[in-house]
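1. would you be able to build a 3D model of this:
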Amino acid sequence: MSGTSTFLERLRERAGAARCRILLPEGEDPRVQEAAVRLQREKLARPVLMGAPAGLQVELRERFGEGDLPEVMGDPPGELLGRLRDESVARRGGKLSPAEASERLRDPLQQACALVGAGHADGALAGAVRSTPEVIRAALLGVGLAPGLATVSSSFYMDVASFRGLGPEVLTFTDAGVVPSPTPEQLADIALAACQARPRVVGDSPRVAFLSYSTLGSAAGPAVEHVRQAVECFRTLAPAIPAEGELQADAALMPAVAARKAPGSTVAGAANVLVFPDLDAGNIAYKLVQRLAGATALGPILQGLARPVNDLSRGASVEDIVWGACITALLAVEPA
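-> Below is the predicted model of the structure:
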């Protein structure tokens, strides 16, 4: 991930000010180790390496010298593990036995999520080794869904050059990583989760556009009706958040187009949260903007969880892990 835009600089500064305790349960991975050392030495977070072999402290000193090194955590004390087991059983409403919960907590990923859920850390970051479904399952068991939400989804934060005369901007693209074919209710959930995360990550207020091939009735069809239903669901969930739909992408983003296609709309032409109708559209769009427009894409960042647990690509670079930890930290603190 390249670039030192103003947004990225602010993100580093804000994460550094928060100095959150971030668990990294894939401590055996050399990329995660290097990222943890950077986070520690640059004072961006208080990283904790978990799931690493015995002797990791010696290995870290051999690789990175005797300077400031991240914490390495072994298994939590038995009493704490017992509390984490009981909380896991309670969260599943009796669908998980104490023995099953204990067995799962032998896994560092499950352990990290349970520790975050119990308030013993501010957030967790994994996925350099483990798959996205594994990370999400562990997060749901250890942390659970945020109040009022029923869907885990994701956003990409697209740091783009000036395109509408306002200077560089950050756009939220959601969902581009988790839910393949969301229902209208799930689309509304996805939009609300993105709106809750944006002030923490970007530091501004959301203006939401539900995207379609139609703008406010210019076309018809089942897919258009699907988006219209999502807009109505969202307005019921969050009547105070500015939202419009269905909108074509140019009407959502460009004031001149919005004046022709959606006159009078307070969101059209000014949207900063783009809700895509399905995973195909969202994933294709973020990759096109990243590759053709040279945008920096931060994500996918998980949303909809009660406490921050984030996922990485298994091809993640050290820099990707550092940025992921910074965003995880910002999701753990209330926006200013």
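2. so Arg12 sits against Ala329, correct?
-> No - if you go by C-beta atoms under 8 Å, Arg12 and Ala329 don't touch, sitting 10.4 Å apart. For every residue, glycine as well, the C-beta is placed using N, CA and C.
3. mutual contacts of those two, please.
-> Shared contacts of Arg12 and Ala329, defined by C-beta atoms under 8 Å, 6 or more residues apart in numbering, are found at Leu44.
4. who has more neighbours out of those two?
-> Using other C-beta atoms under 10 Å as the criterion, Arg12 and Ala329 rank with Ala329 on top: 29 against 17.
5. mind listing what the closest residue to that one other than its chain neighbours touches?
-> Spatial nearest neighbour of Ala329, chain neighbours left out: Cys20 (3.8 Å); criterion: C-beta to C-beta, 6 or more residues apart in numbering. By C-beta under 8 Å, 6+ apart, the contact list for Cys20 reads 45-46, 122-123, 328-329, 332-333.
6. now, the most widely separated pair of the residues you listed?
-> Arg46 and Val333 (13.4 Å; C-beta to C-beta).
7. give me the more crowded residue out of these two.
-> Using other C-beta under 10 Å as the criterion, Arg46 and Val333 rank with Arg46 on top: 19 against 16.
8. looking at it, the more buried one is touching Met73, isn't it?
-> No - here Arg46 lies out of contact with Met73, judged by C-beta under 8 Å, at a distance of 11.6 Å.
9. can I assume Ala150 is in contact with Leu192?
-> No - under the criterion of C-beta under 8 Å, Ala150 is not in contact with Leu192, lying 10.3 Å apart.
10. who touches both of these two?
-> With C-beta under 8 Å, 6+ apart, Ala150 and Leu192 have no common neighbours.
11. more neighbours, these two?
-> Leu192 (26 against 10).
12. just checking, next helix/strand downstream of the strand or helix carrying that one?
-> Element membership of Leu192, judged by DSSP states H and E, is helix 184-201. Using DSSP H and E, the helix or strand that follows helix 184-201 in sequence is strand 208-211.
13. can you list the low-confidence ranges for the protein?
-> The model of the chain has pLDDT under 70 over residues 1-4, 336.
14. so which residue is smack in the middle of it?
-> Ile301 (1.9 Å; C-alpha atoms, centre = their mean).
15. ok, Leu274 - contacts?
-> Contacts of Leu274 (C-beta under 8 Å, 6+ apart): 171-174, 209, 211, 249, 252, 285.
16. my bad, Phe163
-> Contacts of Phe163 by C-beta under 8 Å, 6+ apart are 169, 253.
17. SS state for it?
-> At Phe163, secondary structure determined by DSSP: H, G, I helix; E, B strand; the rest coil is coil.
18. repeat that for Ser154.
-> Per three-state DSSP, Ser154 ends up strand.
19. that one bridge partners, please.
-> Here Ser154 sits in beta bridges with Leu302, as judged by DSSP bridges.
20. and it, how far from Pro182?
-> Computed with C-beta to C-beta, to the nearest Å, the distance linking Ser154 and Pro182 is 12 Å.
21. please identify which of those two sits among more neighbours.
-> Between Ser154 and Pro182, Ser154 has the larger neighbour count (other C-beta under 10 Å), namely 27 against 24.
22. which elements pack onto the helix holding Leu192?
-> Other elements packing on helix 184-201 under the criterion 3 or more C-beta pairs under 8 Å, 6 or more residues apart in numbering; DSSP states H and E are strand 153-160, strand 169-174, strand 208-211, helix 222-237, strand 273-275, strand 296-303, helix 318-331.
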